[in-house]
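Participant: the following block contains a protein sequence and its predicted model.
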Amino acid sequence: MFDSLSDRLGGIFDKLTKRGALREADVDEALREVRVALLEADVALSVAKDFIAAVREKAVGQDVLKSVTPGQMVVKIVHDQLAATLGSDEELGESAINIAGSPPVAILMVGLQGSGKTTTTAKLARRLTEKNRKKILMASLDVYRPAAQQQLATLGEQIQVRCLNAVLGEQPVAITKRAMQTARLEGFDVVLLDTAGRLHIDEELMREVADVRDASSPAETLLVTDAMTGQDAVNVAREFNEKIGITGIALTRVDGDARGGAALSMRAITGKPIKLMGTGEKIEALDDFNAERIAGSILGMGDVVGLVEKAQEVVAEEDAERMAKKMLKGLFTLDDMAEQLGQIKKMGSLEGLMGMLPGAQNVKKQMAAHNMDDSLINRQEAIIRSMTKAERRNPKILNGSRRRRIAAGSGTSVPEVNRLLKQFKQVSSMMKKAGKKGKRGMAGMMPGMMPGKMPGLPPGMR
């Protein structure tokens with residue numbers, strides 16, 4: 001989402017950090033460019049002005065201009081201000097979803113039609129079920145959009161979360177009361193209320209949402225908004241906050257090509273935290289919004305902590321220990337390689353994972369130049385799955401005819417098969433060297449096993 005802003009800011013700060021000493025005029029020139037970059041990224045004018053004023057006040061002090069690395073100091077100031085504008089944890093306190101209180105706790109999902117409320121409701125239900133171990137009941141209050149209630153029911157079956165049965169002709173407030181009563185009688189912890197949206201804000205929508213709010217007394221009222229809406233998302237957030245009173249924002253389509261300024265503006269104008277962000281179409285693609293990490297990503301610093309957390313969600317502790325033991329013994333098979341490729345797929349898109357590494361913009365450019373996308377992992381998995389068990393255990397038996405058969409069976413080419421085998425050989429050799437050195441060797445090898453250096457990337461990117 002923030003790619004264009006990252007590119008612009010990266011170019012500005014590259015010039016700034018290359019200078020040995022800074023004058024006040026240098027800082028002013030850089031901040032003028034930052035202001036233009038923010039406005040081009042759809043940041044509201046008032047927010048951009050306040051942002052630049054706050055940065056300038058800190059950046060032109062003598063401590064910065066005369067420091068050993070003044071350019072780096074300015075970057076840090078911008079980073080801290082970005083985090084504060086997005087809503088740092090220090091200012092907002094705990095930004096997690098509030099499910100405290102006597103059950104059943106209601107969470108109200110509001111927003112315009114097409115913003116992704118229903119999908120986000122199901123994603124949040126899955127998250128609260130698996131991470132918080134809560135018993136969730138979902139209820140669709142959208143009696144206007146064709147098949148809206150059926151959509152939520154279908155998603156509920158997919159994630160194995162109960163969805164309140166639809167009753168023909170029942171209105172939103174009545175559905176709300178029935179959902180809360182059902183939850184009380186059947187011992188549900190949380191009720192997720194998926195309200196109806198409109199193509200634009202109107203009195204009827206606001207009156208209906210207000211009635212549902214009064215009937216459910218929600219602990220959270222989350223505004224679900226599409227990150228690609230741009231400046232209009234700010235107006236939507238302001239209207240819902242003033243007329244309904246939201247407690248947080250859930251951004252959808254964060255993985256798209258939105259310019260990102262709406263996120264900065266919504267937080268600054270409403271004063272409400274961005275709590276969640278949808279990072280893909282998959283049901284598990286819902287992440288916490290962490291201001292410090294997002295600010296770091298915008299400035300090309302990456303989000304390694306977030307990357308590790310994603311890995312922990314996908315890889316079970318016992319599986320990680322088993323793989324570590326095999327590595328210490330210098331053992332690594334093509335089956336292990338296929339398993340790791342599958343785990344990377346579960347963590348999200350390849351581009352998204354690369355975006356969490358420091359210097360991500362340069363890596364993304366190289367990926368684009370090599371026409372690399374998620375299909376790369378799919379092709380590599382197909383190649384390995386097209387091998388026999390004996391071939392996966394002992395790649396040395398793969399002669400020319402076997403490689404041609406594997407290429408035909410996987411829908412790839414012989415050069416691609418050769419490339420994967422070469423990469424496997426390199427990783428296997430690295431494993432053996434690390435195994436001889438024990439845990440100390442493993443620690444030194446870990447950077448080479450990061451997704452940015454995973455098997456499959458061209459040599460220039462590893």
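Facilitator: All right, it came through fine.
Participant: which segments of this structure make up each domain?
Facilitator: Structural domains assigned to the chain are 3-92, 105-302, 305-461, following automatic domain parsing.
Participant: what about the helices in the stretch 201-350 of the chain?
Facilitator: Along the stretch 201-350 of the chain, the stretches classed as helices by DSSP state H, counting those that start in this stretch are 203-216, 231-243, 261-270, 291-298, 304-314, 317-328, 334-347, 350-354.
Participant: worst average pLDDT in those helices?
Facilitator: Mean pLDDT values for the helices of the stretch 201-350 of the chain show the minimum at helix 304-314, a mean of 56.
Participant: I'd assumed Gln81 was in contact with Ala54.
Facilitator: Yes - the criterion here is Cβ atoms under 8 Å, and Ala54 meets it with Gln81 at 5.4 Å. Heads up, the C-betas are built off the backbone N, CA and C, glycines and all.
Participant: can you give me the angle whichever strand or helix holds Val27 makes with helix 261-270?
Facilitator: For Val27, the host element (DSSP states H and E) is helix 24-40. With axes from the mean of the first three to the mean of the last three Cα atoms, to 10 degrees as the criterion, the two stretches helix 24-40 and helix 261-270 enclose an angle of 100 degrees.
Participant: and helix 24-40, which residues are buried?
Facilitator: Neighbour-count burial for helix 24-40, counted by 16 or more other Cβ atoms under 10 Å, picks out Asp26, Val27, Ala30, Leu31, Glu33, Val34, Arg35, Ala37, Leu38.
Participant: who are the packing partners of that helix?
Facilitator: When contacts are defined as 3 or more Cβ pairs under 8 Å, 6 or more residues apart in numbering; DSSP states H and E, helix 24-40 sits against helix 3-17, helix 45-59, helix 70-86, helix 261-270.
Participant: if you set the cut-off to 6 Å instead, what comes out?
Facilitator: Counting by 3 or more Cβ pairs under 6 Å, 6 or more residues apart in numbering; DSSP states H and E, the packing neighbours recorded for helix 24-40 are helix 3-17, helix 45-59.
Participant: and the angle for it with helix 70-86?
Facilitator: Taking the same axes, to 10 degrees, helix 24-40 and helix 70-86 form an angle of 30 degrees between their directions.
Participant: could I have helix 24-40 exported to CSV, CA atoms only?
Facilitator: Taking only C-alpha atoms (Å, rounded to 0.1, in the frame of the first residue of the first chain), the coordinates of helix 24-40 have been written out as CSV:
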residue,chain,number,x,y,z
GLU,A,24,19.0,24.4,7.8
ALA,A,25,18.4,25.1,4.1
ASP,A,26,19.1,21.4,3.3
VAL,A,27,16.5,20.2,5.8
ASP,A,28,14.0,22.7,4.5
GLU,A,29,14.5,21.6,0.9
ALA,A,30,14.1,17.9,1.9
LEU,A,31,10.9,18.7,3.9
ARG,A,32,9.4,20.5,0.9
GLU,A,33,9.9,17.3,-1.1
VAL,A,34,8.5,15.2,1.8
ARG,A,35,5.4,17.5,1.8
VAL,A,36,4.9,17.0,-1.9
ALA,A,37,5.3,13.2,-1.5
LEU,A,38,2.7,13.1,1.3
LEU,A,39,0.2,15.1,-0.8
GLU,A,40,0.7,12.9,-3.8
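Participant: low pLDDT regions in the stretch 1-150 of the chain?
Facilitator: Scanning the stretch 1-150 of the chain for pLDDT under 70 picks out the ranges 1-22, 61-72, 88-95.
Participant: scan the chain for its longest helix.
Facilitator: helix 414-437 (DSSP state H).
Participant: show me what counts as buried in stretch 43-63.
Facilitator: Of the residues in stretch 43-63, those scored as buried under the neighbour-count criterion (16+ other Cβ under 10 Å) are Val43, Ala44, Val47, Ala48, Phe51, Ile52, Ala54, Val55, Arg56, Lys58, Ala59, Val60.
Participant: pull the residues that contact that stretch.
Facilitator: Contact partners of stretch 43-63, identified using Cβ atoms under 6 Å, 6 or more residues apart in numbering, comprise 24, 27, 31, 35, 38-39, 74, 77-78, 81, 85, 234, 261, 264-265, 268.
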